[in-house]
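K.L.:
Structure for the following, please:
(chains A and B)
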Amino acid sequence: MRCTGIFASILAVPLLAEPVSFSKQIQPVLAKQCVGCHQPQAMQSGLLLTTYDGLKKGGQKGPGFVPGKPAESLVVGYLTGANKPQMPFGGKPLPEEQIALFRQWITEGAKDDSGVTPAAPDSAIPEKITYKSAPLVTAFTFSPDGRMMAVSGYHEVLLTSVEGKLLARLPGRSMRIHGLNFTPDGKTLVAVGGDPARSGEVQIWDVATRKQRASITGAPDTFFGGAVSPDGKLAVAGGGSDKSIRLIDIDAGKEIRRMDLHEDWVFQTVFGVDGKRLVTVGRDRAAKLSDAATGRFIENVNLLRDALTAVVRHPKRDWVLLGGAERIPYLYRMDRPRAMRIADDSTLIRKFERMDGPITALAISPDGSRVAAGAEAGDVRIFNAETGGLVARCSGHTGGIYALQFTPDGSQLVTGGFDGTLRFHDMAGKIVRQFVAAPVEMSRGN
Amino acid sequence: MRLIASTLTLAAWACAAPLSFVKDVMPVLNKTGCTSGPCHGGAKGKNGFKLSLRGYDPEFDYRAIVHDMAGRRWNRTDPKNSLVLLKPVMTIPHGGGLRFDEKSSYYRIIQQWIAEGAQFGDPVSATVSRLEVSPAEFFTEKPGSSQKLKVTAHYADGSSRDVTGDALYTSNNPTAAEVNDEGIVKTIRQGEAAMLVRYEGKLSVINVTAVPEAKFAWKAVPEWNYVDKHVNAKLQRLKLQPSELASDSEFLRRVSFDLIGLPPSPEEVKAFVADRTETRAKRSAAINRLLARSEFVNHWTVKWSDLLQVNRNKLGDKGVWAFRDWIRESLAENRPYDRMVRELLTAKGSTYKNPPANFFRFTREPKVAMETTTQLFLGVRMVCAQCHDHPFEQWTQNQYYNLSAFFGSLAVKNGDDADEEVVYDKREEFEIHHPKDNRVMPAKFLFPVGGMGVREAEMRESLAGWITAKENPLFSKSMANRMWSYLMGRGIIDPVDDIRASNPASNPALLEALTKDFLDRGYDLKHLIRTIVESRTYQLSYKPNASNAGDEANFSHALPRRLSAEQLFDGIHIAAGVKPKFQLVPKDSLAQDLPDPSVGKGGFLDVFGRPERQTSCECERRSDVSLVQALNLLNGATIAEAIADPEGRIAKLALAGVSDRKLVEEIYLGALSRMPEGNELDLALTYVGKGPRAERAQDLMWALLNSNAFLFNR
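P.N.:
Coordinates of the predicted model:
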């Protein structure tokens, strides 16, 4: 078999009259056989094979190919086993005719006919979005004056009145919106999100004109969290899979700093009272305090326990409320009165009761007197921030909670999630109002 | 791996209820490998996406797909843009590769489930209550032929569904028969295999047998007891003719090693061979003599001490002797097995004054006590179920903690003596909590037995009663099987301490009969041993014939077994006619007399696989053959010193001035428990006669002790 394989490869080049196409013949092989390990999330050997540029640039061992010289090209060496370990790693070697395609393509100059788009392009902005059922509520917020809400839709942000009247639709390229924040003057809306496993985006909207002022892209996965500094100049987003934290200059519409402090995905971010410091949480279990001006890591706020998904700050103090997989909300001081020691938990102010299911969202009322937590299993509870006692449970959901907020006057808690309905609860937990923000087509019994 | 299309059709569902996660989607995740151990079912999941191992926890998996990271993995508004579809079809790079394509039914099921609202479904009606596989057995006289299985899932709500395309198939012996993803069984060669069929936590086993097409004329063989009847019935069906009866000397060596751990003396061999009594009666008499020997107790004490971890690191110096004495006393009086087990499981108080309490000195902790108890006395391994439902058994994670709760109050504290400990029941913090949600798990039996209930005030007594109940199908069966394996070299279910549906008995009727006999005789261990070794099956030669050479599992011939460390060591010393010299034990103690592995540590015995006694698994005693062992036999001090001992057999024979012929015969009798055969005598005489006599005699002994005829019990 070995002999016939080599024989076929010698014959292969002259037999194929047409030049080999990267996008039609090479890239599909890479996509099926190689990108499992050589993709943005894995990047084995520092090599990215989702794009032509990635192959050209190569990884730790050098460029993927030398145009015109298949015998000197690493990709051929690794596929044939001339270089060890033979690729695909741990799998069957590619059939000789596929390797022959690589040889011929490199012999012909290794040209890129794929354009500049990556293998899996971002979805474009759809012409029209129709909803057969309510989309998930993954994020929402109130305008500073409390009269308007911004709510996540699919490929769009929905602006509604607090009574649920749809005011505007702000379509964008990102399927999912994970964070929504107005600047304190209410003039600008910052939305963070993206397409899962494909791209992340920060959108900056001019609220008055409903126009997108900037779209900041370039991340390999959706952004999470998102916060706006108290002076309205900076925004921050947690960069999901690339574990980064990105600082955005809102006026300039540009990313100004990327911070790599976490060891795993970053899910939520918040500014300190003076806007100079950040607290970010992620799957690495840490709530990390850092300096926004320099990007410098200061210290961990918490004792590491389990993956964290949510962080919010007290309205007036540098206190943060944390929660995640451990199901318990913790209230921590951002500042440590003395030097940290191993297993130091001296900044913990209060521990609230364990929720039913992992915590997905947290909120502190504008006056700081109430704390609310929402969980994956649909559990929502309001606590007394001072005593830690349970004030009320909010029910009515038919699935997980992904976002919750107090109304700006602090009189109600609003929740949203799996069932796509926004519910307004009073402080006793009673539902006072509910609506779906998205325009759902009522057809065929839906 | 591209998976074949499911046999389920969407048309069948067109007018039914919306697809449900638990009933429709979970089987896809399991079938296409998403929930497998190397993928998202692993302890840490993959790339941040974790599912339960083999889908044992659908609620967890639903949350992971639907709710984790705010519903990132699915897309209600545009289902085909869901990550759970884009990844497995590799539109988006997927570390797990291509699992299925857009045209597969798997894709359509997930897409439709999302489009219909991604509902969890009703877990009660979606529970598979029974798995029906047809045909129930596949027997063919044409090795190489195939059979398609049909798998039907019956649900708790009374409905049923053909799940042939979605069930998971594995063969326990792929060299004999294999099975593919579509449930097509293909026999490869003559032999037997069990096909394990799994679907949503239920499993079923289909036995596959391929026998040669060639004509086979069964030559009737005598049946000495019911063991032979059941073994021969199976052999006849498989077209296997049992081997000839072993010779008298072959039998005597085998049964001596098996019952008393030592070879017969040259005098015993000569007398036995010379005895003209009818073979069966003569052998039966020899068996009864061996069962009455004091070495019977010594030998079986080693076995029980292995299982009960008699080891001074765990039990302390005095504890070792106390516990060992209890084992010896039980064996010496042939205490019924159920009573022994009840004494162990209900033991309380000082480990000095009440030796069976040492059982809890080495188990110590509720979960370990439960795992050890089930593995030892029921032959069931529960350890997998600590973290997830057992993948190849019906046991669930809940049951692991329900059963552990019987030992919840178990506690050990220091006694009066520095080395003494006291086993007692604590009165607080005795609850066993489920690790998932911390709920308190009530004590529950693994399965109901004769309406027995749990007596809250007497937890361990309740459990001991349930385990040792006559109606408990596993207790007597596991011991019958264990004893069979000790004497026959292989369990009817093998490994013996891993009884599960996916590890079926090679001869269920035989095991049933042994179990029933053991029960009828009041758990009489000696009777069980006697019944097995009195069977003609036990007494067959190890030499195969044309039909049975390939048989390993049906007992058509004796299976040669490497002698255990103690048997080898004692056998060498008996052959050489010398006494071993161990430290810390009475003079002239044999290896079988040693209390625990701390004596003779690091020496010959450990090289040959004596266990440390750190676990109650049979697997801890190694019976392998290694290079280190071979070198030890060739060049090691144990054999060399024993043979050259001035007090030894060769020195004595040489001094007595026996003839060369007598010298050679005695060496053969000492080492191999038989007279020289064929041209062995001539060869040996020639060798011994051509050099210094004593030295040459030593060489002969050395050669014999290095031969398979000595090293193996066969």
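K.L.:
Give me the three-state assignment for the closest residue to residue B:612 other than its chain neighbours.
P.N.:
Spatially, and ignoring its direct neighbours in sequence, residue B:612 is nearest to residue B:597 (5.5 Å; Cβ to Cβ, 6 or more residues apart in numbering or on different chains). In this view, the C-beta of every residue, glycine as well, is placed from N, C-alpha and C. Look at residue B:597: counting by DSSP: H, G, I helix; E, B strand; the rest coil, its state is coil.
K.L.:
ok, now residue B:197?
P.N.:
Going by three-state DSSP: residue B:197 is strand.
K.L.:
Contacts only, for the residue nearest to residue B:612.
P.N.:
B:311, B:605, B:606, B:610, B:611, B:612, B:613 (Cβ atoms under 8 Å, 6 or more residues apart in numbering or on different chains).
K.L.:
how does it look with 6 Å?
P.N.:
Residue B:597 makes contact with B:610, B:612, B:613 under the criterion Cβ atoms under 6 Å, 6 or more residues apart in numbering or on different chains.
K.L.:
So which of those is the closest to chain A?
P.N.:
residue B:612 (35.2 Å; Cβ to the nearest Cβ).
K.L.:
How is that closest one assigned, secondary-structure-wise?
P.N.:
Residue B:612 is classified as coil under three-state DSSP.
K.L.:
since we're on it, how many residues are nearby?
P.N.:
16 (other Cβ atoms under 10 Å in any protein chain shown).
K.L.:
same thing with the one 10 residues further on?
P.N.:
By other Cβ under 10 Å, the residues close to residue B:622 number 17.
K.L.:
Tell me the pLDDT of the nearest residue to it once chain neighbours are set aside.
P.N.:
The shortest distance from residue B:622 to any non-neighbouring residue, by Cβ to Cβ, 6+ apart, is to residue B:609 (3.3 Å). At residue B:609, the predicted lDDT confidence score is 95.
K.L.:
related to what we said a few turns ago, need the contacts of residue B:597 in CSV with distance to residue A:170, can you?
P.N.:
Shown next, in CSV, are the contacts of residue B:597 (distance: Cβ to Cβ, whole Å):
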residue, distance to residue A:170
B:610, 76
B:612, 70
B:613, 72
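K.L.:
For whatever residue of the stretch 451-600 of chain B ends up closest to chain A, which residues are in contact?
P.N.:
Closest residue of the stretch 451-600 of chain B to chain A, Cβ to the nearest Cβ: residue B:502 (27.2 Å). Residue B:502 makes contacts with B:196, B:392, as judged by Cβ under 6 Å, 6+ apart.
K.L.:
Is it in a helix, a strand, or coil?
P.N.:
coil.
K.L.:
Quick check: phi and psi at residue B:107.
P.N.:
phi -60, psi -50 (degrees, to the nearest 10).
K.L.:
tell me the contacts of it?
P.N.:
By Cβ under 6 Å, 6+ apart, the contact set of residue B:107 is residue B:100.
K.L.:
Could you do the one 4 residues further on as well?
P.N.:
Residues near residue B:111 by Cβ under 6 Å, 6+ apart: residue B:79.
K.L.:
can I assume it sits in a helix?
P.N.:
Yes. Counting by three-state DSSP, residue B:111 is part of a helix.
K.L.:
Up against chain B, what does the stretch 101-250 of chain A have?
P.N.:
Applying Cβ under 6 Å from any Cβ of the partner chain, we find that the stretch 101-250 of chain A lies next to chain B at A:120, A:135, A:136, A:138, A:154, A:196, A:197.
K.L.:
In strands only, show me these.
P.N.:
Using DSSP state E, the subset of these located in strands is empty.
K.L.:
Export those residues to CSV and append columns for neighbour count, distance to residue B:515 and pLDDT.
P.N.:
Below are these laid out as CSV (neighbours: other Cβ atoms under 10 Å in any protein chain shown; distance: Cβ to Cβ, whole Å; pLDDT from 0 to 100):
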residue, neighbour count, distance to residue B:515, pLDDT
A:120, 20, 61, 40
A:135, 28, 62, 95
A:136, 28, 58, 96
A:138, 28, 60, 97
A:154, 23, 64, 95
A:196, 25, 57, 92
A:197, 24, 56, 89
